[in-house]
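In: what would the 3D arrangement of this be:
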Amino acid sequence: MEKKKLNKILAKLIIVLVILIIFCAAIIIVREKFRVSIVDIEGNEHYTTREIRDLVMDGPYGNNSIYLYFKYKNKSINDIPFIEKMDVKILSPTHIRIDVYEKAVAGYIEYLGHYIYFDREGIAVESSTETTSGIPFVTGLEFDHIVLHQKLPAKNEKIFAKILSITQLLTKYDIPTDKIYFDNDENITLYYGDVRILIGTDKYIDEKINELSLLLPKLEGYSGVLHMENYKGEGGNFTLQKDETDSDSTIDFDVKAD
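Out: The predicted structure is shown next:
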C-alpha cells in the first residue's frame, strides 16, 4: 500500500518536473526566438527614433517582442511627456513596429518660472523648465492659477482651438515663428525674427498665412511691423512699417511680384 502511494507521489513529481522542464524550455525559446533586432517607429515628432526605442525597450525583457506587445497593449502613457500612448505590433518574431500617439499640443505659456504646454481643449498637459522646438510660445493670455491636467482658466475657451488652428497652418506652410501674441481683443500678432506680423482676427486666417508664406523671403533683413490685419481674402499688397525713423519708413510688398 505504501509502495503504491510512493509510486503515485513519484509519478506526480515526474509530471511536475516535466511541466517545469517544458515551461523553462518554452521561456528559453520565447526569449531567444523573439529577440528584437529590427525596430520601426512611426508617429514620433517630439522624440527622436533613438529616444523612443530607449524609452520602450528598457528593462531586462525590453528586447522581447512578446513582452513589449503585452506591456503596451491598450495602455495609456502617464510618465512620458507629450505622449498619449504607444502600441507595439509584432511584424515577425524579431521585427516590431512602435506606433507613437503624441498629445495634440497647441502651444505653451510661461507661468511662475515654468513652461505650461496645453492641448486644443486648453488642458495643461505638461509642465517643464525647458522649451520644445516646433511648439509656439503664446503670450497675452493671463491666468490667476493653473492646475496640471485641468483646463486653463481662460476668458474665452475657444481661444485654444484658434491657437491650434494657427499652429497647424504655420506647420502646413512651413513658417517658423518665435511667438504668437494675443491682445485683449484676441487680435493675433506673429513674430518672425525682427518683424512683427499683425494678423488681426482669425478671419481669412488660412489665406493670410498662405500669403505670409510667399512673403517671408522678402522680409529678410528688415525690422518692423507688417500689416496684414486688413486683408480681405484677395490681393497681395502689404505694408511694412520699419522700426527706423527715416524718410522711407514704410515699404509696400506685392506678394505676386517677383
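
In: what is the burial count for residue 155?
Out: Using other C-beta atoms under 10 Å, residue 155 has 10 neighbouring residues. C-beta here means a position set from N, CA and C on the backbone, and glycine is covered the same way.

In: kindly report the same for residue 129.
Out: By the measure other C-beta under 10 Å, the count of residues near residue 129 is 7.

In: I'd say it and residue 110 touch.
Out: No: with contacts defined as C-beta atoms under 8 Å, residue 129 does not count as touching residue 110, sitting 10.6 Å away.

In: determine the three-state secondary structure at the nearest residue to residue 147 once chain neighbours are set aside.
Out: Spatial nearest neighbour of residue 147, excluding adjacent residues (C-beta to C-beta, 6 or more residues apart in numbering): residue 124 at 6.9 Å. Under DSSP: H, G, I helix; E, B strand; the rest coil, residue 124 falls in the strand class.

In: pLDDT score for residue 124?
Out: Model confidence at residue 124, given as pLDDT, is 87.

In: I figured it was touching residue 153, is that so?
Out: No: using C-beta under 8 Å as the test, residue 124 is too far from residue 153 to be in contact (10.2 Å).

In: who's more crowded, the two?
Out: The neighbour comparison of residue 124 against residue 153 (other C-beta under 10 Å) goes to residue 124, with 20 against 13.

In: starting from residue 223, give me the distance back to that one.
Out: 34 Å (C-beta to C-beta, to the nearest Å).

In: tell me if I am right that residue 234 is in a helix.
Out: No: under three-state DSSP, residue 234 sits outside any helix and is assigned coil.

In: oh, and call the first residue 94 from now on, that's how I've got it
Out: Happy to do that; since the first residue is 94 now, the last one works out to residue 327.

In: and for it, the neighbour number?
Out: Residues contacting residue 327 under the criterion other C-beta under 10 Å number 7.

In: do residue 191 as well
Out: So residue 191, with other C-beta under 10 Å, has 22 neighbours.

In: the closest residue to it other than its chain neighbours - how many residues pack around it?
Out: Computed as C-beta to C-beta, 6+ apart, the closest residue to residue 191 that is not its neighbour in sequence is residue 134, at 4.7 Å. Other residues within reach of residue 134, judged by other C-beta under 10 Å, total 19.

In: which stretch of helix or strand covers residue 134?
Out: If you go by DSSP states H and E, residue 134 is part of strand 131-135.

In: now do that strand: everything it contacts.
Out: The contact list for strand 131-135 (C-beta atoms under 8 Å, 6 or more residues apart in numbering) reads 142, 145-146, 150, 184-185, 187-193.

In: what about 10 Å?
Out: 140-146, 149-150, 156, 158, 161, 179-182, 184-185, 187-193 (C-beta atoms under 10 Å, 6 or more residues apart in numbering).

In: which is the next helix or strand following that strand?
Out: Note on strand 131-135: by DSSP H and E, the next helix or strand toward the C-terminus is helix 142-149.

In: which residues do residue 217 and residue 246 both contact?
Out: Common contacts of residue 217 and residue 246 (C-beta under 10 Å, 6+ apart): 236, 239, 240.

In: most neighbours among the residues you listed, please name it.
Out: residue 239 (17 neighbours).

In: does that residue touch residue 209 like I think?
Out: Yes: counting by C-beta atoms under 10 Å, residue 239 does reach residue 209; the two are 5.7 Å apart.

In: got the buried residues for stretch 174-187?
Out: 174, 175, 176, 178, 179, 180, 181, 182, 186 (16 or more other C-beta atoms under 10 Å).

In: okay, now the unreliable bits of the stretch 194-343 of the chain?
Out: Along the stretch 194-343 of the chain, the model assigns pLDDT under 70 to residues 328, 338-341.

In: perfect, that will be all.
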